[in-house]
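Student: Got a predicted structure plus its sequence, pasted below:
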Amino acid sequence: MTYDAFFRTATGNDPYGYQRRLAGDTAGRACESLLINIPTGLGKTAAVVLAWLWNRVAHPDAAHRDTWPRRLVICLPMRTLVEQTHAEAAKWLDAHNLRWDEKSTATHTGKVGLHLLMGGADSGEWDIYPEADAILIGTQDMLLSRALNRGYGMTRARWPMHFGLLNNDCLWVLDETQLMGVGVRTSAQLEGLRRRIGTALGCATWWASATLDDRLLRTPDHPELPPALTLDETDRTSPEVDARIQSVKRLAPLPLSLAAGSSKVVDPYIDALATAVAEKHQSGTTTLVILNRVDRAKDLCAALDKLAKKQALPERVLVHSRFRPMEREPLSLRIKEPGEKIIIATQAIEAGVDISARILITELAPWSSLVQRFGRCNRKGEFNTTGGADIF
């Protein structure tokens, strides 16, 4: 099987050029630390998971497979991203019949364990199978604490066990680094220490983001940056890639500002914003409004509900990080369903969520956050033929 065929079986699509280069195409490549600086919407998650799967599990040469780490550790800043990545990885493994069912008595041989590491989730007993191939997907608090020998949510007696397993024979992938704060520096320092002190079996780290600030990766024990993977001219010849890169997004200011946090100031601001959302919304499309605080997002949703009693408005969907697990999955499906709607959200939606709005209204935020938010507007360039999209 070629890498293109392997990728197509998993995803239903041909790989982009950079996805082939990351995997080394059919011949494979050596595993090394990388910066993966690729624009949003171009399949970074599929690129990293399938590159590891091809080189570690599916490559025809057993000697080559043994040169790659047996554990893929995907470290993410938010629970919603963990759940989404886990679902995608499960789908790709099942497409190739590679997922190990830990509830059965079947052997691990030739299969890949898939484990969640986040608060409230059962990660399974991945740590008693150190010889097995596994994909570990978790939040940065759970994974980095284990790599620091201080594992959250586990007994102290098992700390050294996870410390050893996560600092040996692993390919770490840190995705959406712009949301990780000090976790990015921690991961770089750990990578530097592993190289300086040495490990029984090698480790490498991939840092992936559309807005990667590589200054965060220079630490006392990790002073130099690894090679970078970016789009090249061959990538840009792809119509799909070109449509995403050249997607039309007009930026204009909305004449609203919030000077203080008192209700006397916030309430008129929310009312004016609700009116602006109703005015800017385009019939038959999705409008996405992103605010910086949960309370303002809830207030705006209530204001739009009130406004809907006076004029016709489409379905309103509120998205923030405080929903319970039982509510998050149906909510995630709801926002991705086709059809006209207004989504009112917080930072929880700005990374990794594959939605595309015709109108985006956002409060000011740090530049990396704004770039991620812009990535939820005309994401695939689908509105280019009808004049593009608008960001306020």
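Tutor: Sure, I can see it.

Student: So which elements touch the helix or strand hosting Ala63?
Tutor: For Ala63, the host element (DSSP states H and E) is helix 62-65. Applying 3 or more Cβ pairs under 8 Å, 6 or more residues apart in numbering; DSSP states H and E, we find helix 62-65 packed against no helix or strand. For every residue, glycine as well, the C-beta is placed using N, CA and C.

Student: Kindly report which residue of the chain is located farthest from the centre.
Tutor: Centroid-distance maximum for the chain: Lys310 at 38.8 Å, with Cα atoms, centre = their mean.

Student: Which parts of the chain are strands?
Tutor: For the chain, the strands defined by DSSP state E cover 34-36, 71-76, 113-117, 134-139, 170-175, 203-208, 228-229, 249-251, 286-290, 315-319, 341-345, 359-362, 389-391.

Student: got JSON lines for the ones you listed, with mean neighbour count, mean pLDDT and distance to His162 too?
Tutor: Converted to JSON lines, those look like this (neighbours: other Cβ atoms under 10 Å; pLDDT from 0 to 100; distance: least, Cβ to Cβ, whole Å):
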{"stretch": "strand 34-36", "mean neighbour count": "21", "mean pLDDT": "95", "distance to His162": "25"}
{"stretch": "strand 71-76", "mean neighbour count": "26", "mean pLDDT": "97", "distance to His162": "11"}
{"stretch": "strand 113-117", "mean neighbour count": "22", "mean pLDDT": "94", "distance to His162": "9"}
{"stretch": "strand 134-139", "mean neighbour count": "25", "mean pLDDT": "96", "distance to His162": "10"}
{"stretch": "strand 170-175", "mean neighbour count": "25", "mean pLDDT": "96", "distance to His162": "11"}
{"stretch": "strand 203-208", "mean neighbour count": "23", "mean pLDDT": "96", "distance to His162": "14"}
{"stretch": "strand 228-229", "mean neighbour count": "16", "mean pLDDT": "94", "distance to His162": "29"}
{"stretch": "strand 249-251", "mean neighbour count": "13", "mean pLDDT": "95", "distance to His162": "43"}
{"stretch": "strand 286-290", "mean neighbour count": "26", "mean pLDDT": "95", "distance to His162": "36"}
{"stretch": "strand 315-319", "mean neighbour count": "18", "mean pLDDT": "91", "distance to His162": "33"}
{"stretch": "strand 341-345", "mean neighbour count": "24", "mean pLDDT": "94", "distance to His162": "34"}
{"stretch": "strand 359-362", "mean neighbour count": "23", "mean pLDDT": "96", "distance to His162": "39"}
{"stretch": "strand 389-391", "mean neighbour count": "22", "mean pLDDT": "96", "distance to His162": "43"}
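
Student: Serialize the ones you listed to CSV and add fields for distance to Lys44.
Tutor: As requested, the strands of the chain are exported to CSV (distance: least, Cβ to Cβ, whole Å):
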stretch, distance to Lys44
strand 34-36, 6
strand 71-76, 11
strand 113-117, 19
strand 134-139, 14
strand 170-175, 7
strand 203-208, 5
strand 228-229, 10
strand 249-251, 20
strand 286-290, 21
strand 315-319, 22
strand 341-345, 21
strand 359-362, 21
strand 389-391, 22
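
Student: Give me the distance between Asp4 and Ile38.
Tutor: To Ile38, Asp4 is 19 Å away according to Cβ to Cβ, to the nearest Å.

Student: Between those two, tell me which one has more neighbours.
Tutor: Neighbour count, other Cβ atoms under 10 Å: between Asp4 and Ile38, Ile38 has more, with 23 against 14.

Student: check contacts around the more buried one.
Tutor: Contacts for Ile38 (Cβ atoms under 8 Å, 6 or more residues apart in numbering) come out as Tyr18, Lys44, Ala47, Ala208, Ala210, Leu229, Thr230, Leu231.

Student: Any regions of this protein where pLDDT drops low?
Tutor: 103-106, 351-352 (pLDDT under 70).

Student: Helices of that one, start to end?
Tutor: 3-11, 17-23, 44-53, 62-65, 79-95, 140-147, 159-166, 182-197, 233-236, 239-245, 263-280, 294-307, 325-336, 367-374 (DSSP state H).

Student: Give me the residues contacting the second one.
Tutor: By Cβ under 8 Å, 6+ apart, the surrounding residues in contact with helix 17-23 are 3-4, 7, 15, 29, 34, 36, 38, 42-43, 46-48, 50-51, 54-55, 229-232, 234-235, 238.

Student: swap in the fifth one?
Tutor: With contact meaning Cβ under 8 Å, 6+ apart, helix 79-95 is reached by 9-11, 45-46, 49-50, 53, 74, 76, 99, 112, 114, 116, 118-119, 135, 137-139, 175-176, 321, 328-329, 332, 348, 351-353.

Student: And Ser321, how close does it get to Pro77?
Tutor: Plainly put, Ser321 is 11 Å away from Pro77 if you go by Cβ to Cβ.

Student: And the two? Which one has more around it.
Tutor: Pro77 (22 against 14).

Student: which residues touch the nearest residue to Leu35 once chain neighbours are set aside?
Tutor: Closest residue in space to Leu35, ignoring its immediate chain neighbours: Ala228 at 4.2 Å, by Cβ to Cβ, 6 or more residues apart in numbering. Applying Cβ under 8 Å, 6+ apart, we find Ala228 in contact with Leu34, Leu35, Ile36, Asn37.

Student: separation between Ala228 and Leu22?
Tutor: Taken as Cβ to Cβ, the span from Ala228 to Leu22 is 12 Å.

Student: Check Pro325 too.
Tutor: Pro325 sits at a distance of 32 Å from Leu22 (criterion: Cβ to Cβ).

Student: quick one, phi/psi of Asp122?
Tutor: The main-chain torsion angles of Asp122 are listed as degrees, to the nearest 10 and equal phi -90, psi 110.
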